[in-house]
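Q: Build me a structure from this.
(chains A and B)
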Amino acid sequence: MKTVLSSLTGTIALITFAWYPSAAAAQEKSATPGDAPGFAYAAPAFIKELDSRYPAQPPVPPSPPRYGGVLHFPATVRAFDPTAGYRPELALVWDTLTEWEATWYFPEVQRTPMIRKTLATSWEMVNPSTWIFKLRQGVKFHNRPPVNGREMTAEDVKYSYELLKDKAQYSTRAALVKTIHVVDRYTVKFELSMPDPKFYLNVVDSLSPVIVPREAVEAPGGLAENPIGTGAFMLKEFAPGEGALLVRNPNYYLKDQDGRQLPYVDAVRLFFTKDPATDTALFRARQLDVSRISTLDVLYALMKTVPDMQLYRVPSFGWGDYGVSMALDKAPYSDVRVRQALSMAINREIVAEVINRGDAALYGPFPWALAGYTKRTDYTYANLGPNYEYSPKKAKELLAAAGYPSGFDMELEWAEFQGWTFNEFVQLVARFFGDVGIRVKLKQLETSTWIAKAAGVQPFPHTLAAFSPIGAGPSFMDWVYLRYHSSFPRTINREGITDPKLDDLLTTWRLDPGEKRPAIQRAIWDHLRKNVYRITTIVPPHYRITQAYVHAGANPYCWFPGYCSYEAKTAWMTEKAPSRKFEKFAQ
Amino acid sequence: MRTYVVRRALNGLLVLWLVSIVIFSLVRILPGDAVIMQLDQAAAPTPEILSRARQELGLERPFLAQYRTWITGAVHGDLGRSLITRRPVMNELLKRINLTSHLAVMSIVVAMLIALPIGVLSAVKQDTASDYIARFFAVLGLSLPDFWLATVVITFLAIWVQWIPPIGFAPLWEDPARCLGQLLIPALIIGARLAAVSMRMTRSSLLEVLRQDYIRTARAKGTREQAVIVRHALKNAFIPVVTVIGQQFSVLLGGTVIVEFIFLQPGVGSLMLDAVLLRDYTLIQGAVLFFATVIVVTNLFVDLSYAWLDPRIRYR
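A: Model prediction:
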């Protein structure tokens, strides 16, 4: 109770202090651990401590790894069936043709996405509309009926792509595929509906079709009853609403960099938790070995009670930002001066303070790394330009120049959604906009309505507080081309952005074989930050915590074991890990 | 009696038919659908692909055609398949009901063990210190929300003893120790609230009965006070208490969403909430119809139990 009240008081004090920059600055100067009047704790000092104790790239795990143990982590899976819907955790059972290669021994990862060859071992561009992929030989499906461990071949790739490519979840990556031909037992040829000199990025994990055996799909109950793939783990038990138990695939084909068989752990137990309090309680009770934390407050509280835990504080690539989408086809949002004014009216430092006690990075039109900025020190106002700097005076001037000297009425729609704190965000934004004369009416939506609007299925009349449309991996195609090109419907290009110059830049980028792409991407960044088609503010980091007895990799794209199967394949546990059985889920 | 039961059964069928129409219509009025709610944030499908996904799920068929298919199946015991998991709705429900019924029965038992003795004591010792203390705790039990109590309990258990109830349901007849370990604390939390309601009802009902003429007569005849309360007063005082318990049991069978979420108990409550959030129409319809049936039947049994408790009651 005391903690709750203290936290509540702290939040109120924080908003009050944060509103007055001078007071906030004074607060920061006097803040030291254990001496933080008005705050539950000294957030700036704690952030500094995290910066020094937990660098972005965590230390390389010791070698050799220890085999055995049962790894526990939270997940959200409603159906272990790729034909019913997509979840990243399905990659534990089913492989894609390739995976993102990004581990602790690869520091320049954000600039140069690398690909690990899983089911495909090589690829070749015959022409930008025709691609040939060579498959790994000797890969076996799980040894269970009706598939019984037979070899995966090109026929399976063709079957899987034809089965999944038009499903809503996989269409982002696979809809481009027009036809698939089996060249020989281990070779497939993709014919594309439009040229793409970087098509090989579309078969990497997350949202790309997984490879499934026809016999399992066509057996009674389909993949839900016959969850058979080529993945590192085999599904032993699925308890809807509770969790799942997956055991090691003894015939898995991948080995680590020193030639040792993967995965290291005997089994993985997933818990389908829904409440952050449950996650932290499970972690404290050592029933979770790896977990996600949504805010700095919760992280601080956990560190006090589990002092030996490990933290991977991942600068977010772009997932989880706070922004405002505008109805660009209507006045006044169709006027670039109005959009610039709205962006300038927001003090992003205060947004960061209120959303996550200041532990957040500035965010622009798309991920920094895709514009060539690879270090966190690059994430500055200087690189974003004047439209992102807090300047109510200039904002008023721009509004007056656009014909709105007395401001205008705006409706800002929002909803509660998972880990986001849009409630605080919209209140802040409304006040910032109010300071420059814009009269904001906040309208809370039922979450499903908000999802439909954020997905572009329903229109929003004025503005919508939402995260930016995201990509599954570090691909410019996912994050920028699809989201900003006028040829795509609103289910992809949420705001309906129509800008001929931008379209030209995006098309040039698409057709370029690669040499000029970095420069074109920077040009697109410059164009977007000037035109402010979407107001972006900040993006908090991801916090992944592990028990002291767990060694796990560190992958900025797939920072959590459930998000990329490689994290689960390469995680290992010391002899201090709790002894656990894995005959059934409830043990 | 037989006429009464038949009439109530026919009324019940009419209620269930109306429920089926209302729930079938209501879920379709809600914005969004299962296709949209399942989309990953990174997905970017075209409207044509979304439309095809809806067709696969049968969501683009005419309203009446959809209703006819569903209600025909329901009459034959087939509630359809979940739009999300593609599993039969009845299987999904039965799995969850197993846990929920365990939790409901344990909560009722906990509540009765607390409420009945304290309620009786409070009535018999009206306006004494023990009555005030009992009423204080009853008001406290009513005032503390389940979600708050559950969050506090799970957090403090984790911090102080590094233990929380195990996850993974095992029925009582398979693994009694695990079942009790898993469900006892949630049952205590739910039972505490229910105990507060039942204790207050027991107290007020017993106080009213104790002022009746026949109680005075019993006392005048020299019957011992214990016999007066247990044999003469308590049985009559139970009628409103049984009503409350019956209602609460129906509510508990419908699931205790927050406690289920916090303790990761996959009961009916979390199933229903997920179904609503994900717009899993067939699951919502099936679950609502199923529980409407349970409530209609439970209410009938509660009404019939009045005659056993008070032989003066006659059904017409």
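
Q: Next one, pLDDT for the spatially most central residue of chain B please.
A: Centroid-nearest residue in chain B, with C-alpha atoms, centre = their mean: B:Leu252, separated by 1.9 Å. At B:Leu252, the model reports a pLDDT of 79.

Q: quick one: secondary structure of it?
A: Following DSSP: H, G, I helix; E, B strand; the rest coil, B:Leu252 is assigned to helix.

Q: Contacts only, for the residue lying closest to it once chain neighbours are set aside.
A: Spatially, and ignoring its direct neighbours in sequence, B:Leu252 is nearest to B:Ala104 (3.7 Å; C-beta to C-beta, 6 or more residues apart in numbering or on different chains). Bear in mind the C-beta positions are built from the backbone N, C-alpha and C, glycine included. Neighbouring residues of B:Ala104 by C-beta atoms under 8 Å, 6 or more residues apart in numbering or on different chains: B:Phe249, B:Leu252, B:Leu253.

Q: Show me where chain B has its helices.
A: B:2-29, B:34-38, B:47-57, B:63-75, B:89-124, B:129-143, B:146-161, B:176-210, B:213-220, B:225-227, B:234-253, B:257-262, B:268-277, B:281-309 (DSSP state H).

Q: Just name the most buried of the ones you listed.
A: helix B:257-262 (a mean of 24; mean count of other C-beta atoms under 10 Å in any protein chain shown).

Q: just checking, what packs against it?
A: When contacts are defined as 3 or more C-beta pairs under 8 Å, 6 or more residues apart in numbering or on different chains; DSSP states H and E, helix B:257-262 packs onto helix A:276-284, helix B:146-161, helix B:176-210, helix B:268-277.

Q: Out of those, which is closest to B:Ala134?
A: helix B:176-210 (6.7 Å; C-beta to C-beta).

Q: Of the helices and strands packed on helix B:257-262, give the one that comes closest to B:Val230.
A: For the helices and strands packed on helix B:257-262, proximity to B:Val230 was assessed by C-beta to C-beta; helix B:176-210 is nearest, at 11.0 Å.

Q: right, is the closest one up against chain A?
A: Yes: applying C-beta under 8 Å from any C-beta of the partner chain, one finds helix B:176-210 touching chain A at B:Arg178.

Q: quick one: that helix to helix B:213-220, angle?
A: On the basis of axes from the mean of the first three to the mean of the last three C-alpha atoms, to 10 degrees, helix B:176-210 is oriented at 90 degrees to helix B:213-220.

Q: Centre of the chain to helix B:176-210, how far?
A: Here the centre of helix B:176-210 is set off from its chain's centre by 13 Å, with C-alpha atoms, centre = their mean, to the nearest Å.

Q: Could you give the average pLDDT over it?
A: For helix B:176-210, mean pLDDT is 89.

Q: again, but for stretch A:490-503
A: 95.

Q: Same question for that stretch: list its buried residues.
A: Residues of stretch A:490-503 classed as buried by neighbour count (16 or more other C-beta atoms under 10 Å in any protein chain shown): A:Arg490, A:Thr491, A:Ile492, A:Asn493, A:Arg494, A:Glu495, A:Ile497, A:Asp499, A:Leu502.

Q: Looking at those, which is nearest chain B?
A: Minimum distance to chain B across those is 4.1 Å, recorded for A:Ile492 (C-beta to the nearest C-beta).

Q: My read is that the closest one contacts B:Ala44, right?
A: Yes: between A:Ile492 and B:Ala44 a contact is recorded at 4.1 Å, counting by C-beta atoms under 8 Å.

Q: Overlap of the contact sets of these two?
A: What both A:Ile492 and B:Ala44 touch, as defined by C-beta under 8 Å, 6+ apart, is the set A:Thr172, A:Pro469, A:Leu482, A:Arg483.

Q: which residues of chain A score low on pLDDT?
A: A:1-41, A:56-58, A:102-113, A:554-559, A:561-563 (pLDDT under 70).

Q: For the most centrally placed residue in it, which non-adjacent residue is spatially closest?
A: The residue lying closest to the centre of chain A (C-alpha atoms, centre = their mean) is A:Trp319, at 4.2 Å. Spatial nearest neighbour of A:Trp319, excluding adjacent residues (C-beta to C-beta, 6+ apart): A:Ile470 at 5.6 Å.

Q: Hmm, the one you found is touching B:Asp40, no?
A: No: look at A:Ile470 against B:Asp40 with C-beta under 8 Å: they stay out of range, at 9.2 Å.

Q: so who does the residue in the stretch 1-150 of chain A positioned nearest to chain B touch?
A: Residue nearest to chain B within the stretch 1-150 of chain A (C-beta to the nearest C-beta): A:Ala79, separated by 4.4 Å. Residues in contact with A:Ala79 (C-beta under 8 Å, 6+ apart) are A:Gly85, A:Ala224, B:Ile84, B:Thr85, B:Arg86, B:Arg87.

Q: give me the element it is part of.
A: Per DSSP states H and E: A:Ala79 is located in neither a helix nor a strand.

Q: quick one: it and B:Ala287, what's the gap?
A: Separation of A:Ala79 from B:Ala287 (C-beta to C-beta, to the nearest Å): 17 Å.

Q: what does A:Thr380 give?
A: Note on A:Thr380: its distance to B:Ala287, by C-beta to C-beta, is 53 Å.

Q: what's the answer for B:Arg312, then?
A: Separation of B:Arg312 from B:Ala287 (C-beta to C-beta) stands at 39 Å.

Q: again, but for A:Gly456
A: Plainly put, A:Gly456 is 31 Å away from B:Ala287 if you go by C-beta to C-beta.

Q: ditto for A:Pro315
A: From A:Pro315 to B:Ala287 the distance is 43 Å (C-beta to C-beta).

Q: before we move on, what about A:Ile535?
A: Per C-beta to C-beta, A:Ile535 is found 41 Å from B:Ala287.

Q: now do A:Pro61
A: 46 Å.

Q: For A:Thr153, state which of the contacts of A:Ala79 is nearest.
A: Of all the contacts of A:Ala79, A:Ala224 has the smallest distance to A:Thr153: 23.9 Å, by C-beta to C-beta.

Q: and the closest one, helix, strand or coil?
A: helix.

Q: now swap in A:Lys178 and tell me
A: For A:Lys178, the assignment made with three-state DSSP gives strand.

Q: okay, now A:Gly583: neighbour count?
A: Rather than Gly, residue A:583 is Glu. 11 (other C-beta atoms under 10 Å in any protein chain shown).

Q: what do you get for A:Trp572?
A: 22.

Q: How about A:Glu99?
A: 27.

Q: next one: phi and psi at it?
A: phi -130, psi 160 (degrees, to the nearest 10).

Q: Tell me which residues touch the nearest residue to A:Ala174 once chain neighbours are set aside, please.
A: Spatially, and ignoring its direct neighbours in sequence, A:Ala174 is nearest to A:Lys165 (3.7 Å; C-beta to C-beta, 6+ apart). Listed by C-beta under 8 Å, 6+ apart, the contact set of A:Lys165 reads A:Ser171, A:Ala174, A:Ala175, A:Val177, A:Pro209.

Q: what do you get for A:Thr305?
A: With C-beta under 8 Å, 6+ apart, A:Thr305 has these contacts: A:Arg284, B:Ile159.
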